[in-house]
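Q: Give me a 3D structure for the following:
(2 chains)
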Amino acid sequence: MESLLGGLIIGLAIAILYLTRGNFTGISEIYFNVISINKSGFLWGFFFILGLIVGPVILSFFSYNDLGFEMPNTNPIIVILGGLLVGYGTQLGSGCIFGHGICGIGRLSVRSMVGACIFIGAGVLTVLISKSLGWVAL
Amino acid sequence: MGGAVMMKNIIVPLTSGIIFGIGLVIAGMTNPTKVMGFFNIFGNWDPSLIFVMVGAIAVSMPVFLLLSKKMSAPLFNKEGGFNQQLNKNIDSPLIFGSSIFGIGWALVGFCPGPAISALTQVDGNVFIFFIAMSIGMLIKKRF
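A: Residues are numbered from 1 along each chain as shown, chains lettered A, B, ... in the order given. Just a heads-up that it's a prediction; the model follows:
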């Protein structure tokens, strides 16, 4: 139930950004425009990213009982490797779960549906392999 | 800075980001265990990420396909217009990039947005992931 509610709230944020600025909420792209100091994407991207951090802080004032936080794999090599792959892959594939998975599917883009199927498929295989290698216990 | 420019560049993105961040926490996407549980189809599967996608698409789809079509331009961005998808090709960067992203996502349980929101956990591993992700993006830009 929290998942559906969270999804509706995320959808609202996507709707606001599109109807007022005309931008898709591809977070990997917005964040990249900030760290690469992109001329047209830096300023508004900075405030969007700031919002991603302020939002959870505001929520914590309401002593909201969230779904917890626990990292199944804290091996530093895996954490660094995972970060590098997520950063590189989202830029090469032009999208993450929100860019392709939600904004893309939301406007019936075949390219995004293919992208989403590939990264979810790759994720399923990766967890299967991580488990069999004993890296994570799920 | 004029009122419309301030709305467009500061108020709107900050508001959208705050709402997005709250949604991520409520959906449980800032919890890597939950995200990895979604990929664990051949084990103790947690399908709830599907409901996150369904909820988000249920709101955004009518906005993309109907509501925005009835408007001549975005509210505070008259000159910019609505983003349209430029690349419709199923090409090798899409296939390789999405595969690489999927592997990284499932190794740790973070994708870019939730990794940023989870910085509020003040956890060293989230910080390390965040820095590595940023470096990965910049590496792609250089090569």
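
Q: Give me the residue at the spatial middle of chain B.
A: Among the residues of chain B, the one closest to the centroid is residue B:113, at 4.9 Å (Cα atoms, centre = their mean).

Q: Which strand or helix spans that one?
A: Secondary structure assigned from DSSP states H and E places residue B:113 in helix B:112-117.

Q: Report whether that helix contacts chain A.
A: Yes - contact of helix B:112-117 with chain A is found when judged by Cβ under 8 Å from any Cβ of the partner chain, involving B:112, B:113, B:115, B:116, B:117. The way it works is simple: take the backbone N, C-alpha and C, and place the C-beta from them, glycine included.

Q: what's the distance between the helix or strand of chain A with the lowest mean pLDDT and the middle of its chain?
A: Ranked by mean pLDDT, DSSP states H and E, the helix or strand of chain A with the weakest confidence is helix A:105-106, at a mean of 90. Relative to its chain's centre, helix A:105-106 lies at 15 Å (Cα atoms, centre = their mean, to the nearest Å).

Q: for stretch B:81-98, same thing?
A: Centroid separation between stretch B:81-98 and its chain, computed with Cα atoms, centre = their mean, is 15 Å.

Q: Is any residue of that stretch near chain A?
A: Yes - Stretch B:81-98 lies within reach of chain A by Cβ under 8 Å from any Cβ, at B:81-83, B:85, B:87-90, B:93-98.

Q: quick one: buried residues of that stretch?
A: When burial is assessed from 16 or more other Cβ atoms under 10 Å in any protein chain shown, stretch B:81-98 yields the following buried residues: B:82, B:83, B:94, B:97, B:98.

Q: Can you give the contact residues for it?
A: Here stretch B:81-98 makes contact (Cβ atoms under 8 Å, 6 or more residues apart in numbering or on different chains) with A:18, A:22-24, A:88-95, A:100, A:104, A:107, A:109-112, A:114-116, A:118-119, A:122, B:68, B:73-74.

Q: Just the buried ones among those residues, please.
A: Judged by 16+ other Cβ under 10 Å, buried ones among these: A:18, A:22-24, A:88-95, A:100, A:104, A:107, A:109, A:111-112, A:115-116, A:118-119, A:122, B:68, B:74.
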